[in-house]
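1. Output the structure for:
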Amino acid sequence: MRRVSLEYIEPGMVVGRSIYNSEGRPLLGVGMVLNEKYIRRLKELGIGAIFIKDSLFDQCEEPVDIISEQTRLESINAVKEIYKSFETKKRMSNERISRTVNNLIDELISKPEILVNCADIR
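-> Numbering: from 1, shown residues only. Next comes the predicted model:
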């Protein structure tokens, strides 16, 4: 599997990881064969790159997600809710922000191999 910019995606390529919209709803599942219509729609949605299955990379380890799909989607939805709340009520929920950040940190801490890389960033 490899990550490929949508510019280089061609009909017939196979989805390697599920693709979700901004609300967390699945657009295309693993194993689906891409066609012109799907590629055009992904571009319209502003999706820049996707994972595709590629026999040249079968021997390579699959990329490890830093955070799970569930946590990522929950975080995206939390940020959207916080933004909407701020937009309409002119206030933010510190509790919601804190919960979201804590979930992200807890998940990162549970993966020591990622923490080493995070420490290198500092």
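
2. In a helix, Arg17, correct?
-> No: secondary structure of Arg17, determined by DSSP: H, G, I helix; E, B strand; the rest coil: coil, with no helix assignment.

3. Contact partners for it?
-> Contacts for Arg17 (C-beta atoms under 8 Å, 6 or more residues apart in numbering) come out as 1, 30, 50-51. From N, CA and C alone the C-beta is placed, and that goes for glycine too.

4. Of those, which is the nearest to Asn21?
-> Proximity of those to Asn21 (C-beta to C-beta) peaks at Ile50, which lies at 12.8 Å.

5. partners of the closest residue to that closest one other than its chain neighbours in the sheet?
-> What sits nearest to Ile50 in space, not counting adjacent residues and going by C-beta to C-beta, 6 or more residues apart in numbering, is Ile19, at 5.7 Å. Here Ile19 sits in beta bridges with Leu28, going by DSSP bridges.

6. Make residue 1 into 759 and carry on from there
-> Okay, residue one is now 759; in that scheme the one you just asked about reads as Ile777.

7. isn't Leu803 right up against Asn779?
-> Yes: counting by C-beta atoms under 8 Å, Leu803 touches Asn779, with 6.5 Å between them.

8. Common neighbours of the two, please.
-> Joint contacts of Leu803 and Asn779 (C-beta under 8 Å, 6+ apart) are Leu785.

9. List the buried residues of the helix or strand harbouring Ile863.
-> Assigned by DSSP states H and E, Ile863 falls within helix 852-867. Neighbour-count burial for helix 852-867 flags 858, 861-862, 865 (criterion: 16 or more other C-beta atoms under 10 Å).

10. and what of stretch 784-796?
-> Buried residues in stretch 784-796 (16+ other C-beta under 10 Å): 785-786, 792, 796.

11. Out of those, which is nearest to Glu768?
-> Closest to Glu768 out of those is Leu792 (7.5 Å), distances taken as C-beta to C-beta.
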